[in-house]
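In: Sequence first, predicted model second:
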Amino acid sequence: MPDTRLIRRPDCGASNRAPRESLRILIPLSGADSDASAIHVAAEMAPRDAEFFLLHARSGPDEERYPDFKRASEAERFERGIESERIFARANAILASRGLISAGQLVMQGDPAEIILRVANQMAAELIVLAAGGPRRVIDHAACSVLVAEPGVAVKLTKV
Amino acid sequence: MDKVVINQLPVEKLRGRRVFVRIDADAEPPAPGVLYDESKLRSSLPTLEYLRGVGARAVIGASMGKPGGRVVESLRLDPVAERLSRMLGSPVRKLGEAIGRGPQGAVAGMQDGDLLLLENLRFYPGEDANDADFAHELAELCDVHCNDAFALANLAQASTVGITRYVRPAAAGLALARELMMFEAALDQPDPPFVALIAGARLEEKLPVLENLLPRLNRLFIGGALAFTFLEAKRREIGSAPVDKALLPLVKDFLKKAEKEVEVILPEDFITVQVDEFREYEKSGRTGDPPEWRLELENGIPPFYLPVDVGPATVNRIKGLFEGARTILWNGPLGVWEIEPFGAATRAVALFILERVSPRHQRSILCGDSLARAIRSFNLPVELIRHLTTGGGPALQMLAGNPLPAVSALDNELDLIAPIETRPRRILLPVDGSEHSLEAARKLGRLIDAEDAEISLLHVQKHETFAVGKTWIDPDAKQRRELLRRREADLVFDITNTPLAQQKLNVRQQLVVEGDPADEILRFADEIGADLIVMGSHGRTGVMRILMGSVSRKVLHRAKCPVLIVRIPHRRMAEVGMLET
């Protein structure tokens, strides 16, 4: 299933890299304009050796958890792929405007908050950067630190 | 175009300065020392000539082939330096490395107007990984960044993206700027009628392009292998032509959507061969005579026959479409051009563009790697074709409406007029001596780039309500309480400062106030113009269901700047006795 694969860029393997592990930052994206706030803040605040992982968390039936559910057709998945590509391209453009680029990209469908928490655990993320309107549940339940890009907005939106 | 172009920079920003120019040497050299495609090299001549003219010191970075992050002798750039020297009519010195002492020394010895070529950047794994250290090493060699490699603009490499973190201004080279302007003109305000001919293979790559172009186009011609799935969607008889079954529903959707907006035109006739004969010919490595071909109408390709090119009626149709167009976009070859007779349609259309379209005031863009290879193989004067792009990948990405990372990395024109003012980041770290706030202090340097930040510690002490009544206060008690408060604050600051000092972080002020913690935190954040508030917090974990601290919650509700919630790992919470295991 190609759209749930974590695509990693080749390791750079620079020899003079400090021994400490680089910081893994998870940036969940929804496709909304507010995604930009999270990426801007992440790019602005992150330490030099951080690795940015983009997660497009689509809301819909959770395909990973209930594989018996009728799977989306290849055409449907392809169309989703185009949408995700677009979201990633926009995010990467913002990162690139600061000389950065994502280290990996992942698309998953299900309940966004659950997906974010699950992926953060699986990839051992140390930080989640949440956009305005990012699911509030992530702030409460994340096992790692959470940077909320536009706190006031995030809370207002989730209250609706 | 909103990106700065190298010739828009004031000359005094270039004269005597070291300018790193990223060019694309070649994709795949066929043999050591042989350049497959000189046109990419030639496209960067204007920028190099300009830099030499204004007395800049051009440090040229280039890549060739795919050495995979290690030195491959046959991919050294000596032939590139030699060719550039000849084209420019002045020596281009070539170095054996791209970073380190050697290049640093060589760059230090440069004179105004000198040109210097670094070794193949892809010999270093950090190039394709956009590695910050490698980018920094490249940045040490220059004062100004210039990207002139359109063909690589869809990638984020250390020499195109990472380096811009350390070198500003970052400007587009003349060739890159020209490509971008061509595409922008076609995509943003195309002069109608706008006709697109999208052909070639790989439907999955072209569908996003078609979707994005649809609202801009007046007519759309679909050719090449792409057309088979469209013909199948229209239930035409297409013999043994390969069809992308999985994407067929999408193609049907697209055709339905397109019906209302543009005229979608498909090939009318085909050159076909017997599929078995063709397979035999492929198996033999395309030696000997190509299989017998015959001309077939679009509706009548018999089974076991495979279309390999479009026929003369289709070519005439395309010519007619192009004749009346003001903006033309062509992507992908029409047939199996690698086999001589089946490149005829592609050649005929290319010749038509060259002879009829390019000399007139029609805007035409030809893109795609295989189309470019095809046209070059026909021995046509490609320089006269307006405009044959040097990058297939980036062109597709732009046509699909997606931004290019290497372009996003360049400075905007506005940055030049009003550069963004930078000041040290201001971080507000509320502290109370608890394990949470200590954890926030411990992790701050790990989670955030706080090296040059000014950190303000804020210790909020609660009002002691029982002592508020004015008449009751005993001066001694008041003093004692003040002393206790002082001592408590000092203790809290002390234990917080230790981990901060260990991370070499810089505490600018330590504040003690009385009041409601959340209110005071928010008030001070405003007062000092905080860019970030850092709060320690326990999470809400399965069985325990501890709520996130009410203070953090309130701050999150009302903060005007980003808030970082630093979490103590579950395991550690148990260790410090905050959680029963």
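Out: Thanks, I have the structure now. Numbers count the residues shown, from 1 in each chain, chains lettered A, B, ... in the order given.

In: burial of residue B:361, as a residue count?
Out: Residue B:361 has 7 neighbours, counted by other C-beta atoms under 10 Å in any protein chain shown. (C-beta placed from N, C-alpha, C; glycine too.)

In: and the residue nearest the centre of chain B, how far is that from chain A?
Out: When C-alpha atoms, centre = their mean is applied to chain B, the residue found nearest the centroid is residue B:405 (1.5 Å). Between residue B:405 and chain A the computed distance is 4 Å (C-beta to the nearest C-beta, to the nearest Å).

In: so what's the nearest residue to that residue once chain neighbours are set aside up against?
Out: Spatial nearest neighbour of residue B:405, excluding adjacent residues (C-beta to C-beta, 6 or more residues apart in numbering or on different chains): residue A:96 at 3.6 Å. Counting by C-beta atoms under 8 Å, 6 or more residues apart in numbering or on different chains, residue A:96 touches B:156, B:161, B:405-406, B:408-409.

In: Next secondary structure element downstream of the helix or strand containing residue A:26?
Out: Element membership for residue A:26, per DSSP states H and E: strand A:24-29. Next helix or strand after strand A:24-29 toward the C-terminus (DSSP H and E): helix A:35-45.

In: in chain A, which segments are predicted with low confidence?
Out: Residue ranges of chain A with pLDDT under 70: A:1-20, A:64, A:67-72, A:152-160.

In: For it, which segments are assigned as helices?
Out: Counting by DSSP state H, chain A has helices at residues A:35-45, A:74-96, A:112-122, A:136-141, A:151-159.

In: Go through those helices and pick out the most buried.
Out: Greatest average neighbour count among the helices of chain A goes to helix A:35-45 (a mean of 23), per mean count of other C-beta atoms under 10 Å in any protein chain shown.

In: That one vs helix A:74-96, what angle?
Out: Between helix A:35-45 and helix A:74-96, the angle comes out at 40 degrees (axes from the mean of the first three to the mean of the last three C-alpha atoms, to 10 degrees).

In: Pretty sure residue B:509 sits in a strand.
Out: Yes - Residue B:509 sits within a strand when classified using DSSP: H, G, I helix; E, B strand; the rest coil.

In: Now do the contacts for the closest residue to it other than its chain neighbours.
Out: Sequence neighbours aside, residue B:456 is the residue nearest to residue B:509 in space, at 5.0 Å (criterion: C-beta to C-beta, 6+ apart). For residue B:456, the contact set (C-beta under 8 Å, 6+ apart) comprises B:426-429, B:507-511, B:524, B:528, B:530.

In: which of those lies closest to chain A?
Out: Distance to chain A, by C-beta to the nearest C-beta, is smallest for residue B:427 among the contacts of residue B:456, at 9.5 Å.

In: Out of the helices of chain A, which is closest to residue B:135?
Out: Ranking the helices of chain A by proximity to residue B:135 (C-beta to C-beta) places helix A:74-96 first, at 12.1 Å.

In: Count the neighbours of the residue nearest to residue B:319 when sequence neighbours are not counted for me.
Out: Spatial nearest neighbour of residue B:319, chain neighbours left out: residue B:352 (5.2 Å); criterion: C-beta to C-beta, 6+ apart. Per other C-beta under 10 Å, the neighbour tally for residue B:352 reads 17.

In: Validate this expectation: residue B:352 resides in a helix.
Out: Yes - when classified by three-state DSSP, residue B:352 is found to be part of a helix.

In: so who does it touch?
Out: The contact partners of residue B:352, by C-beta under 8 Å, 6+ apart, come to B:318-319, B:322.

In: what do you get for residue B:442?
Out: residue B:499.

In: Please tell me how far it sits from chain A.
Out: For residue B:442, the distance to chain A - C-beta to the nearest C-beta - is 11 Å.

In: hang on, that residue is in a strand, isn't it?
Out: No - the assignment for residue B:442, made by three-state DSSP, is helix rather than a strand.

In: Pull up the gap between it and residue A:44, please.
Out: Distance of residue B:442 to residue A:44, given as C-beta to C-beta, to the nearest Å: 22 Å.

In: Quickly list what the residue nearest to residue A:112 when sequence neighbours are not counted is bridged to.
Out: The shortest distance from residue A:112 to any non-neighbouring residue, by C-beta to C-beta, 6+ apart, is to residue A:57 (4.0 Å). For residue A:57, the beta-bridge partners are residue A:108 (DSSP bridges).

In: surely residue A:57 meets residue A:120?
Out: No - Residue A:57 lies out of contact with residue A:120 (C-beta atoms under 8 Å); the separation is 10.9 Å.

In: re the thing from before, can you tell me if the strand holding residue A:26 touches chain B.
Out: No - Strand A:24-29 stays clear of chain B (C-beta under 8 Å from any C-beta of the partner chain), getting no nearer than 8.7 Å.

In: Can you pull the residues of the stretch 301-450 of chain B lying near chain A?
Out: Residues of the stretch 301-450 of chain B lying near chain A by C-beta under 8 Å from any C-beta: B:397, B:400-406, B:408-409, B:425, B:443, B:445-449.

In: what about residue B:295, which helix or strand?
Out: Applying DSSP H and E, one finds residue B:295 within strand B:293-297.

In: buried stuff in whichever helix in chain B runs longest?
Out: Counting residues, the longest helix found in chain B (DSSP H) is helix B:475-502. When burial is assessed from 16 or more other C-beta atoms under 10 Å in any protein chain shown, helix B:475-502 yields the following buried residues: B:489, B:492-493, B:496-497, B:499-500.

In: Tell me the pLDDT of the nearest residue to residue B:225 once chain neighbours are set aside.
Out: Among residues not flanking residue B:225 along the chain, residue B:201 sits closest, at 4.2 Å (C-beta to C-beta, 6+ apart). Looking at residue B:201, its pLDDT is 87.

In: Double-check that residue B:201 belongs to a strand.
Out: No - counting by three-state DSSP, residue B:201 falls outside a strand, being coil.

In: count of neighbours near it?
Out: Residues near residue B:201, counting by other C-beta under 10 Å: 17.

In: Same question for residue B:11.
Out: Quick note: residue B:11 (other C-beta under 10 Å) scores 11 neighbours.

In: from what I can see the residue nearest to residue B:225 touches residue B:223, true?
Out: No - taking contacts as C-beta under 8 Å, residue B:201 lies outside contact range of residue B:223: 11.0 Å.
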